[in-house]
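Asker: Structure for this input, please:
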Amino acid sequence: MLSKLFVYITCLICAIGYTQSVIRTQDTVTYVTYHTDEVLFHEIRLLSEELCLFVPPRPLFNSINSCYKVRIANDTIAVELPKKNASESAEDIIQVDKDADGLIQRFMDGKFRMISKNEIRLSPTNRPYFDISYLDSLIGKNQRVCAVQGEIKRIPADFNDFSEIENLYDKPKKIKIKKLDGKEGYEKYGAIGIRGVIEFYEKKKCNKK
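Answerer: Have a look, this model is predicted:
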């Protein structure tokens, strides 16, 4: 049981670590959002007058790094027509990437609102994006978020050792486990849950009559 749990958590940490491998510069802020089946995993890199949409490589498709000119007025970031990506090859253009096209269209149809220095939202869907360095300060690098009886904890930082985590998984008759995706985690726990949350609850005893 412990070995399976270790592999599972290791895979989750590796996935999180990928989002933190972005090269930052002093003038660039990288924003991330939750991932769903309907929307590809992606990042937003905001410069002073430019916004870049980055999608990592997927099977059959190369990575995408599409940059757009933006107009910033008050608290609104409006996207203009995309610049031609010099890295695009003939193969990239020939392949039809409907998922990426849909994602790009969302950007072209919407606007971003600056909620705070750490958060922007894409209208009209109101999808939140958070500064990745802000999330790192909340969650910590290479950490996974769980909730034990509603109390947020980070794996592995808030546990003495893996045996504590194993005990949670190893009591199916007493412990109820529920995995929240990024959207559900955000809606229930806020920004700290945007990468997903594993919930552990003690099962309520039923009084037999």
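Asker: Show me which strand runs longest in this protein.
Answerer: Under DSSP state E, the strand in the chain containing the largest number of residues is strand 64-73.
Asker: how close does the spatially most central residue of the chain sit to residue 180?
Answerer: Among the residues of the chain, residue 34 comes closest to the average C-alpha position under Cα atoms, centre = their mean, at 3.7 Å. Remark: distance between residue 34 and residue 180 (Cβ to Cβ, to the nearest Å) = 10 Å. To be clear about C-beta, it is placed using only N, CA and C from the backbone, and glycine gets the same treatment.
Asker: and for the two, which residues touch both?
Answerer: Overlap between the contact sets of residue 34 and residue 180, as judged by Cβ atoms under 8 Å, 6 or more residues apart in numbering, is given by residue 196.
Asker: what sits against residue 49?
Answerer: Shown here is residue 49, whose contacts under the criterion Cβ under 8 Å, 6+ apart are 69, 70, 72.
Asker: Would you mind listing which of those are buried?
Answerer: When burial is judged by neighbour count using 16 or more other Cβ atoms under 10 Å, the buried members of the contacts of residue 49 are residue 70.
Asker: which of the contacts of residue 49 lies closest to residue 116?
Answerer: Within the contacts of residue 49, distances to residue 116 taken as Cβ to Cβ reach their minimum at residue 72, with 15.2 Å.
Asker: ok, that closest one - contacts?
Answerer: Residues touching residue 72, when contacts are defined by Cβ under 8 Å, 6+ apart, comprise 49, 78.
Asker: From residue 128, how far off is it?
Answerer: When residue 72 is compared with residue 128 (using Cβ to Cβ), they lie 19 Å apart.
Asker: Quick check: the nearest residue to residue 119 once chain neighbours are set aside vs residue 194, distance?
Answerer: Once its chain neighbours are removed from consideration, residue 119 has its nearest residue in residue 130; the separation is 5.4 Å (Cβ to Cβ, 6 or more residues apart in numbering). Residue 130 sits at a distance of 6 Å from residue 194 (criterion: Cβ to Cβ).
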